[in-house]
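this is a predicted model, with the sequence first.
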Amino acid sequence: MFQIMILVFVLGYLAIALEHPLKVDKAAPALLIGSLLWVLYIFGVEDILNLGFSSSWKEFLQHHPNDSSLDGMRHFIVHTEIIQHLGEISEILFFLLGAMTIVEIVDQHSGFKVITDKIKTTNKVKLLWILSFLTFFMSAALDNLTTTIVMVALLRKLISDKQTRWFFASMVVLAANAGGAWSPIGDVTTIMLWIGGQVTTLKIIVGVFIPSLVCMVVPLAVLSFTQKGDVTRPKISDNHKEMSTPFEQKLLLILGVSGLLFVPVFKTVTHLPPYMGMLLSLSIIWIVTELMHKHKEDEIKSKLRPINILKKVDTPTVLFFLGILSAVAALQSAGHLNILSAKLDEYLGNIYLIDMAIGALSSIVDNVPLVAGSMGMYPIATPEMIQAAANPEYLQNFVQDGVFWEFLAYTAGTGGSMLIIGSAAGVAAMGLEKIDFIWYMKKITWLAALGFLAGSAAYYFQVMLLH
């Protein structure tokens, strides 16, 4: 069963990667492997746990030495492992659901129009720099997925030519992934590391900001010498009618961004999980929105009330994360990730190379399970672990806010830009604009790889200077 679990995971991953040719949404195979791996695990529990690769089983036996029977093993999976992992996964999912709903409320009220109306230039180079920096900081405040969706919608108002729009949308993906890497709420992977306790708010911002900025600026600098001319703007229909007033647009933008930025403050002050802060922000925005529209006509209410906006939230993406994180949790519990960790240490033996390998892999497969796997492979080092270690200096890299976790946030966040299917932002842009996979490889991959390597070098030299 141990080997069959790997086979099922690989086949499921293949189905996720081939989502477009198969015409099956990636959430379906993710949920399938997320459930099936636990089924295989519990059916083969005796053989799997007796192999001795599961660190969580060893820890369980230390506290329950009399539960090594078959019933004890099943109890371990059902009442300990699944409950624990479900709690950790739920924190991430409710956080995402709250964030996506807030952004959707702001967008439905045309709140982002306040920003986009300020962009007047048609020069390609200027527009690239403006949109990239706007995306970079919006992604840090919101998240790279929702920022990409908003920016692609903006591009349709700014650029009429399809190929030019593809190019700008691809650069938005690069900027969104770079911007999400240095913020605790900017990317699903950094959210996972932040909620998991591997990184803290201030340290991740200070440690990863410059490498992320370099990752975005280097490709932009190259394009400043190769891009010429102006973009052509599409004609806007005179029949378009705004559902919300300018005051409401500004109010919802301020409330939305403030609500999202409030979450790290909430966690710091209360020490409660971040999803509670996100749901608190959502509840306040929800109440304000309901009161705002209570006397309006039914047509406006039907489009602007949060209860109706909730239907527009990307539920398949939330279910995809549920499935893939459940699958990774099963592999972590059974001990597969401990083997992978040992192999990476054996063959690479360098935290920078390990993180860069994970970043490169995230362009082929989704970075969410890779980071989830890394969190399972490498526990947060405690003072007791460091004191007892044969190589305490190496283990020091795995403490909270250690070099390994900071650099992982950067590499996993930005490495996915090298292929259009390598990040949630890329998949969103691909779906919205129907960007061709091969076209992206020819035009964008080398720019993304250049930025990734430049940012990696910047992080390495930053660490060398500070230490």
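Yep, that arrived. Residues are numbered from 1 along each chain as shown.

helices or strands up against the helix or strand Thr414 falls within?
According to DSSP states H and E, Thr414 maps onto helix 403-415. Contacts defined by 3 or more C-beta pairs under 8 Å, 6 or more residues apart in numbering; DSSP states H and E place helix 403-415 against helix 162-181, helix 188-196, helix 201-226, helix 351-361, helix 367-377, helix 445-466. In this view, the C-beta of every residue, glycine as well, is placed from N, C-alpha and C.

deepest of these, which one?
helix 162-181 (a mean of 26; mean count of other C-beta atoms under 10 Å).

and it, what does it pack against?
Going by 3+ C-beta pairs under 8 Å, 6+ apart, helix 162-181 lies up against helix 124-141, helix 144-158, helix 201-226, helix 403-415, helix 424-433, helix 437-443, helix 445-466.

out of the ones you listed, which is closest to Ala388?
The minimum distance between Ala388 and the helices and strands packed on helix 162-181 falls on helix 403-415, with 18.6 Å, by C-beta to C-beta.

sketch out the low-pLDDT regions of the protein for me.
236-241, 341, 365-367, 369, 431, 467 (pLDDT under 70).

okay, which residue is most central for it?
In the chain, the residue lying closest to the centroid (C-alpha atoms, centre = their mean) is Val188, at 2.4 Å.

can you pull the contacts of it?
Each residue near Val188 by C-beta atoms under 8 Å, 6 or more residues apart in numbering is listed here: Ile92, Leu96, Asp143, Leu145, Phe321, Asn367, Val368, Ala424.

how does it look with 6 Å?
Contact partners of Val188, counting by C-beta atoms under 6 Å, 6 or more residues apart in numbering, are Val368.

that one and Lys124, how far apart?
Using C-beta to C-beta, to the nearest Å, one obtains 31 Å as the distance from Val188 to Lys124.

my guess is Leu174 meets Ser417, correct?
Yes - here Leu174 reaches Ser417: they are 4.9 Å apart, a contact under C-beta atoms under 6 Å.

ok, the residue in the chain sticking out farthest from the centre to Asn50 distance?
What lies farthest from the middle of the chain is Asn66; by C-alpha atoms, centre = their mean that is 40.8 Å. Going from Asn66 to Asn50 by C-beta to C-beta gives 17 Å.

again with Leu340
Counting by C-beta to C-beta, the gap from Leu340 to Asn50 is 20 Å.

buried set for stretch 336-347?
Of the residues in stretch 336-347, His336, Leu337, Asn338, Ile339, Ser341, Leu344 count as buried by neighbour count, 16 or more other C-beta atoms under 10 Å.

residue contacts, the fourth one?
By that I understand Ile339. Phe53.

before we move on, the earlier item: of all the helices and strands packed on helix 162-181, which one is nearest Ser281?
helix 124-141 (12.6 Å).

so the closest one versus helix 162-181, what angle?
40 degrees (axes from the mean of the first three to the mean of the last three C-alpha atoms, to 10 degrees).

now the angle from helix 124-141 to helix 201-226?
Interaxial angle, helix 124-141 versus helix 201-226 (the same axes, to 10 degrees): 170 degrees.

use 172 as the first number for this chain going forward.
All set: I'll call the first residue 172, so the last point we hit is now helix 295-312.

ok, now which ones touch Lys374?
Contacts for Lys374 (C-beta under 6 Å, 6+ apart) come out as Asp572.

in PDB, list the C-alpha atoms belonging to stretch 505-520.
What follows is stretch 505-520, C-alpha atoms only, in PDB (Å, rounded to 0.1, in the frame of the first residue of the first chain):
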ATOM      1  CA  ALA A 505       2.400   7.700   6.400                       C
ATOM      2  CA  GLY A 506       6.100   8.800   6.200                       C
ATOM      3  CA  HIS A 507       6.600   9.400   2.500                       C
ATOM      4  CA  LEU A 508       7.700  13.000   3.100                       C
ATOM      5  CA  ASN A 509      10.300  11.900   5.700                       C
ATOM      6  CA  ILE A 510      11.900   9.800   2.900                       C
ATOM      7  CA  LEU A 511      11.900  12.700   0.500                       C
ATOM      8  CA  SER A 512      13.400  15.000   3.100                       C
ATOM      9  CA  ALA A 513      16.300  12.500   3.700                       C
ATOM     10  CA  LYS A 514      16.900  12.200  -0.100                       C
ATOM     11  CA  LEU A 515      17.000  16.000  -0.600                       C
ATOM     12  CA  ASP A 516      19.500  16.300   2.300                       C
ATOM     13  CA  GLU A 517      21.600  13.400   0.900                       C
ATOM     14  CA  TYR A 518      21.800  14.600  -2.700                       C
ATOM     15  CA  LEU A 519      21.700  18.400  -2.300                       C
ATOM     16  CA  GLY A 520      22.700  18.900   1.300                       C
END
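
run the chain-centre distance for it.
Offset of stretch 505-520 from its chain centre (C-alpha atoms, centre = their mean, to the nearest Å): 23 Å.

next: stretch 589-606.
How far stretch 589-606 lies from its chain's middle: 13 Å, per C-alpha atoms, centre = their mean.

contact partners of that stretch?
For stretch 589-606, the external contacting residues (C-beta under 6 Å, 6+ apart) are 315-316, 319-320, 323, 337, 340, 344, 347-348, 533-534, 587, 608, 611, 616, 619-620.

ditto for stretch 557-567
With contact meaning C-beta under 6 Å, 6+ apart, stretch 557-567 is reached by Ala552.

no further queries at this time; thank you.
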